[in-house]
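A.B. asks: A structural model of the following input is requested.
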Amino acid sequence: MIRIFFLFSCILCFLPACSEGISGIYINRYAASSSRFYTLVSKMKDNKFNAAVIDVKYDRGEVGLPLPDEFGFLSSYEKINDIKEKIDTLKKYNIKPIARIVCFKDNILAKTDNYRYALKYSDGELFRDASGAMWVSPYSDFVRKYLISVAKKAAEYGFEEIQFDYIRYPTDGINGILSFPDHNGMNGFDIVIDFLREAYCELKPYGVDVSCDVYGYTVWFDSLHYVMQQLEGMAQVADIVYPMVYPSHFSDSLYSSKTKEKRTYDIIFDSGEKSVKRIARYQTKTVLYIQDFKWKSSKMGFDYVNNQIKGAIDSGADGFILWDPSSDYSYFNLDRKENFKDNSDGFDYTEKSEEP
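C.D. replies: Residues are numbered from 1 along each chain as shown. Predicted coordinates for the structure are as follows:
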């Protein structure tokens with residue numbers, strides 16, 4: 001009923017649901033702007049992948065598309081070469097172009113108007129997280145309008161889905177009480193959901209899906225307080241939720257009695273199943289971000305990428321996106337590949353080696 005209310009209040013209707021499982025990769029800003037992009041498209045095509053998440057607004061604030069005129073003074077524009085041609089190339093091969101937009105982690109926006117929108121400590125000192133990055137306030141109308149304007153620009157360029165990342169509070173490097181500019185009394189969970197609700201209503205007339213990334217643990221707990229994410233609340237104002245369920249990011253103690261292969265599979269399977277069950281009533285899809293990078297991969301067992309994909313398929317999730325920050329995917333070099341389109345053979349849980 002809540003979703004129906006939003007649809008009518010925005011004078012909208014849903015896009016037809018896609019029955020095909022999503023198989024995709026993340027493409028970082030550098031790969032997206034170079035000839036490497038076409039190599040990745042060729043590999044996606046050969047491996048029957050059907051989605052590509054492309055950096056449009058990066059995690060330090062740069063934006064890969066021309067800014068709307070009213071925000072040109074921010075000097076955030078760092079173009080992706082030939083982006084319209086690249087979006088058209090994806091569509092030519094029936095690969096869904098998805099625009100990744102980092103929200104509240106933004107050095108450029110934080111510096112605007114003498115740090116007007118930046119998170120600070122209660123004594124006025126600027127907050128920087130463990131990576132040295134600054135954050136901006138989700139309570140600020142200016143910040144929200146800017147993010148939604150960038151998303152609209154992505155839709156105008158032909159992206160078929162807007163995926164909001166870092167749609168949360170900061171989690172690390174905090175050494176005091178944080179102050180949020182323009183705080184209106186709403187709690188953290190509500191303001192995150194409220195921003196997503198506003199973005200959803202503003203973007204649906206453009207004919208795009210609206211989605212959000214959430215921490216892997218968000219699907220395991222009723223509410224994840226340290227990031228201010230609540231799964232059901234966010235799912236009610238999104239078409240797709242992307243839990244980031246990299247096994248390396250879960251506690252080593254979780255399922256520690258199991259083999260490496262079974263532990264890796266179960267983390268993905270259980271995460272997907274939990275998310276699907278919790279948000280199915282909102283007709284919101286679950287697509288899992290899974291790991292194709294090396295960090296802690298020796299703890300994940302033999303053939304850990306295929307194993308994760310099988311876990312995603314078996315869980316009932318609507319798909320997966322491979323994540324590697326460098327966009328260099330080992331999956332494409334494997335002899336045997338699991339995929340939603342070709343899931344005829346199962347995975348052998350026998351622990352085969354210390355290193356994958």
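
A.B. asks: Flag the shaky bits of the stretch 101-250 of the chain, pLDDT-wise.
C.D. replies: Applying pLDDT under 70 to the stretch 101-250 of the chain picks out no residues at all.

A.B. asks: Strands along that one, start to end?
C.D. replies: Assigned by DSSP state E, counting those that start in this stretch, the strands in the stretch 101-250 of the chain fall at 120-121, 161-165, 178-179, 209-215, 240-244.

A.B. asks: gap between the host helix or strand of Ala99 and the chain center?
C.D. replies: Ala99 belongs to strand 96-102 when assigned by DSSP states H and E. Strand 96-102 has its C-alpha centroid displaced from the chain centroid by 8 Å (C-alpha atoms, centre = their mean, to the nearest Å).

A.B. asks: repeat for stretch 290-298
C.D. replies: Here the centre of stretch 290-298 is set off from its chain's centre by 17 Å, with C-alpha atoms, centre = their mean.

A.B. asks: Then stretch 38-55?
C.D. replies: Distance, centroid of stretch 38-55 to centroid of chain: 17 Å (C-alpha atoms, centre = their mean).

A.B. asks: Count residues in the vicinity of Lys84, would you?
C.D. replies: 11 (other C-beta atoms under 10 Å). Bear in mind the C-beta positions are built from the backbone N, C-alpha and C, glycine included.

A.B. asks: any idea which element it lies in?
C.D. replies: Counting by DSSP H and E, Lys84 is found in helix 83-92.

A.B. asks: by contact count, what packs against that helix?
C.D. replies: helix 36-46, strand 96-102, helix 141-157 (3 or more C-beta pairs under 8 Å, 6 or more residues apart in numbering; DSSP states H and E).

A.B. asks: what's the most buried one of the ones you listed?
C.D. replies: Greatest average neighbour count among these goes to strand 96-102 (a mean of 25), per mean count of other C-beta atoms under 10 Å.

A.B. asks: Within the sheet, what are the partner strands of that one, with directions?
C.D. replies: Its sheet considered, strand 96-102 pairs with strand 51-57 (parallel), strand 161-165 (parallel) by DSSP bridges.

A.B. asks: Now distance to Ser35 too, for those strands, in JSON lines please.
C.D. replies: Formatted as JSON lines, these follow (distance: least, C-beta to C-beta, whole Å):
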{"stretch": "strand 51-57", "distance to Ser35": "15"}
{"stretch": "strand 161-165", "distance to Ser35": "24"}
